[in-house]
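Asks: Fold the following and give me the result.
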Amino acid sequence: MTSDGEPKKEQRESGRRKRRGVRLRDLFDLAYSSPWPWAVFFAVALTVLLTPFLSLRAQQYELGQIAPTTVYAPYDFSYEDEVGTAARREEAAGEVLEVYNFDDAAPLEAGKRIAAAFEFGRAALARSGSPDFAAGLRDRLGVNLREDELSLLRAKEFSPDLEQVLTRAVESVLSRDIVTSKERLLALGQPIRRREEVSKASQVRRDFGSVLSLDEARELLEVQIGSLSDLRQAERRRLIELGARFLEPTLAFDYPETERRRASARESVEPVYFQVRRGKTIVRAGDEITASGLRQLDILSRENRRWGFAGALGAFLLAGVLLTIQWHLLKPARASEAWRRQSFAMTGIVIVGHLALARLAFFVARLFSEQLVQAPFNNTGSYSYAVPFAGVAVMLLLLENAPTALLGSTLFSIAIGIMTGNLQLAVFALLSSLAAVLGLFQYKRRTALVKVGLLVGAVNVAAVLAIDLLSGRHFPPSNFGFDLACAFVGGPAVAFVVSALLPVFETVFHRTTDIRLLELANSNVPILRRLALEAPGTYHHSMVVGSLAEAAAEAVGANPVFCRTAAMYHDIGKLIKINYFVENQTGANRHDQLSPRMSALVIASHVKEGIELAKEMNLPQELVDIIPQHHGTKLITYFYEKAKMNHDPELGEVSEDEYRYPGPKPQTKEAGIIMIADAVEAASRTLDDPSPARLKGLIRRIIDYIFLDGQLNECDLTLRDLEKIAQSFQRVLMGIHHQRVSYPGFDFEKQVEPLVVQDSR
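Replies: Presented below is the predicted three-dimensional model:
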């Protein structure tokens with residue numbers, strides 16, 4: 001009973017684990033079915049974190065009151081000097097030139113009216129008069145016409161010569177700048193801006209010598225008519241009187257436009273601010289509170305009440321912008337929409353969590369520094385450099401990829417700058433994060449976090465050194481040195497925080513970091529130990545595939561740690577039917593007793609059985625996916641050819657679909673590399689003489705076959721990548737199949753005679 005009961009108990013436990021795993025996966029998928037709940041949660045959390053909180057409890061003061069205590073500025077702030085701002089704005093408005101509009105259409109308009117009137121007059125004379133002649137003429141001229149002037153025009157029969165004299169004289173005068181009051185223009189004492197109404201051309205006029213008053217314009221008209229005509233004096237005076245009625249100011253002051261420009265000039269002036277630095281004494285105990293001190297105290301009081309609708313609304317809008325950028329620029333490790341939603345949630349949690357950690361650290365640092373009186377330990381700003389800002393970059397790089405880490409670090413640094421109002425701290429956080437990304441690119445071992453912590457600490461010191469020198473905070477030396485010490489501490493703090501949080505995120509988000517992969521690659525893992533003992537051929541094959549895949553991944557920029565670990569597990573399904581795979585066979589071939597179709601089913605079944613084993617072990621989903629993808633939908637060539645050879649032609653052709661693996665095809669670079677490495681390693685065992693040339697040719701043929709079969713259509717391996725993969729495979733295989741010299745005195749090809757033991761009796 002014992003032997004029968006134990007397997008049943010194990011089956012029940014396995015069933016419960018599977019059901020529990022399915023329920024957890026269902027809950028996990030439900031939680032990330034839509035990004036909107038997470039977006040709302042992150043927006044609210046960021047709003048709370050980014051909105052300023054109370055920082056000082058300032059009591060109410062009055063002007064002239066004796067200050068009961070000394071008040072220092074708790075932070076840098078500034079406020080507007082209304083008097084100074086108003087003075088500067090009026091000064092800017094006074095520099096705006098008055099705008100005068102010049103009617104550049106006046107000469108042309110006057111010429112048209114004169115031409116129309118003379119044309120009408122000539123036509124009327126040709127018809128021997130008209131009862132409404134005077135009125136029609138007046139309507140066309142647009143000016144009143146006296147009887148003596150009308151008589152002159154009739155006497156001259158509206159001659160073209162007279163028309164030309166009048167037109168040229170009037171147009172010439174109207175083309176000049178004519179003002180109503182020249183005295184006001186001269187008394188202005190500054191240039192004007194002359195703007196033409198039709199052409200919109202604008203120029204600054206400083207010399208008013210050519211500007212005419214109406215009287216001067218009339219005098220100029222007299223001169224023009226006198227020089228253009230040979231009329232008698234009386235006739236010329238009548239024509240001058242007629243032409244003078246066309247004269248009107250052509251240059252007029254544009255009050256609305258001038259005021260608009262002055263208002264714009266006032267608005268363009270930046271307010272004048274008083275700057276109050278952190279630590280400045282606003283009022284001393286026992287001193288009378290002045291107007292300036294009262295203003296600063298009131299500002300501090302208002303700053304403490306900034307937690308309100310306006311501040312929260314601004315923080316909420318900013319959170320929305322940051323989340324929108326995060327969603328659209330996010331490049332998750334996998335292209336699926338479900339993975340993208342999970343990455344969005346994970347990235348948001350990492351950023352928000354570290355912001356909350358930073359705010360808590362700032363609060364503790366402020367409380368701690370307030371209890372100390374000795375410099376530099378009372379400097380709150382120094383403790384900010386010890387906060388592990390680079391934890392965001394390290395977490396996201398280990399859990400996702402480099403683009404996500406860079407995006408998260410940038411958004412986090414922006415949020416830090418907004419939360420603290422300190423641009424220098426935002427730059428420090430960004431530099432620290434970039435150093436962490438650089439460090440994890442270089443180190444892929446178990447000590448990676450320690451080395452990254454030291455590297456981040458060194459970069460932090462350099463960043464603070466530069467910031468303090470630029471901002472002039474390198475004096476006194478004690479504060480400067482304390483800044484550098486806190487900055488270095490921030491590096492190891494990153495390693496501590498990430499070590500504490502990483503396992504939680506790995507479990508919750510089902511992520512597989514390189515550290516987790518290194519743990520799974522340990523040969524003492526039970527399934528690998530079992531594979532080495534029960535299926536040594538498969539185990540050795542997996543190790544060689546791992547070496548090939550690792551080298552290829554390094555060559556094409558894929559993840560070498562993942563490739564090596566995934567290769568160790570890609571064939572664990574062969575543990576179910578060990579002796580049906582050639583690398584594990586030591587006696588008769590069991591496929592000799594099976595039909596080709598049945599043999600193909602047995603061979604293909606190791607994929608399904610491998611997936612089941614991997615899920616029972618709770619292997620990461622990325623490793624589980626490699627098991628079916630490393631074969632894709634390739635043809636099981638040996639048994640397909642055997643089936644065609646043994647097939648009865650009368651039954652029709654053998655279908656390739658019955659002899660293909662179920663798939664799917666490789667979806668990632670790593671899966672494609674492992675597929676090629678698996679095929680190349682197996683094929684290399686068939687070479688009797690694995691010379692470099694033969695290995696190179698074999699690798700090329702295998703890659704060409706897989707490529708032409710369409711197995712790499714769904715992963716992003718390029719032709720250049722395939723060339724690099726081929727070269728890396730050749731180097732590794734040449735190291736494995738290298739030549740060795742013979743051992744002197746030993747002939748391993750010689751047949752050894754069996755040892756005969758004689759009976760001593």
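
Asks: Report how many residues lie close to residue 416.
Replies: By other CB atoms under 10 Å, the residues close to residue 416 number 27. Heads up, the C-betas are built off the backbone N, CA and C, glycines and all.

Asks: for residue 202, what are its contacts?
Replies: 193, 194, 195, 196 (CB atoms under 8 Å, 6 or more residues apart in numbering).

Asks: residue contacts, residue 679?
Replies: 634, 702, 705, 706.

Asks: Turn those residues into a markdown table, columns for secondary structure and neighbour count.
Replies: Output for the contacts of residue 679, formatted as a markdown table (DSSP: H, G, I helix; E, B strand; the rest coil; neighbours: other CB atoms under 10 Å):
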| residue | secondary structure | neighbour count |
| --- | --- | --- |
| 634 | coil | 20 |
| 702 | helix | 22 |
| 705 | helix | 16 |
| 706 | helix | 20 |
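
Asks: Farthest-apart pair in those residues, please.
Replies: 634 and 702 (11.0 Å; CB to CB).

Asks: coming back round to it: between the contacts of residue 679, which is nearest residue 66?
Replies: Of those, the one sitting nearest to residue 66 (CB to CB) turns out to be residue 706, at 89.4 Å.

Asks: So what touches stretch 499-514?
Replies: By CB under 8 Å, 6+ apart, stretch 499-514 touches 28, 342, 345-346, 349-350, 353, 391, 395, 398-400, 444, 448-449, 515-516, 559, 561-562, 620-623.

Asks: send the alpha carbons of that stretch over as CSV?
Replies: The C-alpha coordinates for stretch 499-514 follow below in CSV (Å, rounded to 0.1, in the frame of the first residue of the first chain):
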residue,chain,number,x,y,z
SER,A,499,18.4,43.3,-2.9
ALA,A,500,15.4,43.7,-0.6
LEU,A,501,12.8,44.6,-3.2
LEU,A,502,13.9,42.5,-6.2
PRO,A,503,12.6,39.1,-5.0
VAL,A,504,9.2,40.7,-4.3
PHE,A,505,8.9,42.1,-7.8
GLU,A,506,10.2,38.9,-9.4
THR,A,507,7.4,37.0,-7.7
VAL,A,508,4.6,39.4,-8.2
PHE,A,509,5.3,40.3,-11.8
HIS,A,510,6.7,36.8,-12.8
ARG,A,511,9.9,38.4,-14.1
THR,A,512,13.1,36.6,-14.5
THR,A,513,16.2,38.6,-13.8
ASP,A,514,19.8,37.6,-14.6
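
Asks: how far does it sit from the chain's center?
Replies: Centroid displacement of stretch 499-514 relative to its chain, using CA atoms, centre = their mean, to the nearest Å, is 25 Å.

Asks: cool, stretch 119-137 as well?
Replies: 80 Å.

Asks: how about it: buried residues?
Replies: 120, 121, 124, 133, 136, 137 (16 or more other CB atoms under 10 Å).

Asks: Please narrow the residues you listed to those residing in strands.
Replies: Among the buried residues of stretch 119-137, DSSP state E puts none in strands.

Asks: Give me the subset of the residues you listed that lies in helices.
Replies: 120, 121, 124, 133, 136, 137 (DSSP state H).

Asks: contacting residues for the last one?
Replies: Looking back up the chat, that one is residue 137. So residue 137 contacts 117, 120, 121, 124, 145, 150, 153 (CB under 8 Å, 6+ apart).

Asks: host element of the fifth one?
Replies: This means residue 145. Counting by DSSP states H and E, there is no helix or strand that carries residue 145.

Asks: Give me the neighbour count for it.
Replies: Neighbour tally, residue 145, other CB under 10 Å: 16.

Asks: can you map out the strands along the chain?
Replies: So, for the chain - with DSSP E - the strands run 71-72, 77-80, 98-102, 192-196, 202-205, 251-253, 273-276, 281-283.

Asks: And the fourth one, what's buried?
Replies: Across strand 192-196, burial judged by 16+ other CB under 10 Å covers 192, 193, 194, 195.

Asks: Adjacent strands (with direction) for it?
Replies: strand 98-102 (parallel), strand 202-205 (antiparallel) (DSSP bridges).

Asks: per-domain residue ranges of this protein.
Replies: 30-52+314-511, 516-736 (automatic domain parsing).

Asks: Show the end-to-end separation of the last one, please.
Replies: In other words, domain 516-736. The separation between the terminal residues of domain 516-736, taken as CA to CA, to the nearest Å, is 28 Å.

Asks: Identify, from the buried residues of stretch 119-137, the entry nearest to residue 463.
Replies: residue 120 (87.5 Å).

Asks: one step back: let me have the contacts of residue 679 in CSV, extended by distance to residue 241 and pLDDT.
Replies: Putting those into CSV (distance: CB to CB, whole Å; pLDDT from 0 to 100) gives the following:
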residue, distance to residue 241, pLDDT
634, 110, 92
702, 110, 94
705, 109, 93
706, 106, 94
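
Asks: Redo the residues you listed as a markdown table? Include distance to residue 432.
Replies: Output for the contacts of residue 679, formatted as a markdown table (distance: CB to CB, whole Å):
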| residue | distance to residue 432 |
| --- | --- |
| 634 | 47 |
| 702 | 46 |
| 705 | 49 |
| 706 | 44 |
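
Asks: Buried among the contacts of stretch 499-514? Make that a PyMOL selection.
Replies: To isolate the buried members of those in PyMOL, using 16+ other CB under 10 Å:
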select buried, resi 342+345+346+349+350+353+391+395+398+399+400+448+449+515+516+559+561+562+620+622+623
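
Asks: So which of the strands paired with strand 192-196 has the densest surroundings on average?
Replies: strand 98-102 (a mean of 20; mean count of other CB atoms under 10 Å).

Asks: I'd like to know which helix or strand in the chain has the lowest mean pLDDT.
Replies: Ranked by mean pLDDT, DSSP states H and E, the helix or strand of the chain with the weakest confidence is helix 2-31, at a mean of 50.

Asks: how far is stretch 79-96 from where the chain is centred?
Replies: 40 Å.

Asks: Let's see that stretch as PDB, backbone CA atoms only.
Replies: Extracted C-alpha coordinates of stretch 79-96, given in PDB (Å, rounded to 0.1, in the frame of the first residue of the first chain):
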ATOM      1  CA  TYR A  79       8.500  87.200  -4.000                       C
ATOM      2  CA  GLU A  80       7.500  90.000  -6.300                       C
ATOM      3  CA  ASP A  81       8.500  93.600  -5.700                       C
ATOM      4  CA  GLU A  82       5.300  95.300  -6.900                       C
ATOM      5  CA  VAL A  83       6.700  98.900  -6.800                       C
ATOM      6  CA  GLY A  84       9.800  97.900  -8.700                       C
ATOM      7  CA  THR A  85       7.800  95.900 -11.200                       C
ATOM      8  CA  ALA A  86       5.400  98.700 -11.800                       C
ATOM      9  CA  ALA A  87       8.200 101.200 -12.400                       C
ATOM     10  CA  ARG A  88       9.900  98.900 -14.900                       C
ATOM     11  CA  ARG A  89       6.700  98.300 -16.700                       C
ATOM     12  CA  GLU A  90       6.000 102.100 -17.000                       C
ATOM     13  CA  GLU A  91       9.500 102.600 -18.200                       C
ATOM     14  CA  ALA A  92       9.000  99.900 -20.900                       C
ATOM     15  CA  ALA A  93       5.700 101.500 -21.900                       C
ATOM     16  CA  GLY A  94       7.300 105.000 -22.100                       C
ATOM     17  CA  GLU A  95       9.900 103.600 -24.600                       C
ATOM     18  CA  VAL A  96       7.100 102.600 -27.000                       C
END
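
Asks: Buried ones in that stretch, by neighbour count?
Replies: Within stretch 79-96, judged by 16+ other CB under 10 Å, the buried ones are 79, 81, 85, 88, 89, 92, 93, 96.

Asks: same deal with stretch 97-117?
Replies: 97-104, 106-107, 110-111, 113-114, 117.

Asks: Check the gap between residue 323 and residue 152 for me.
Replies: 85 Å (CB to CB, to the nearest Å).
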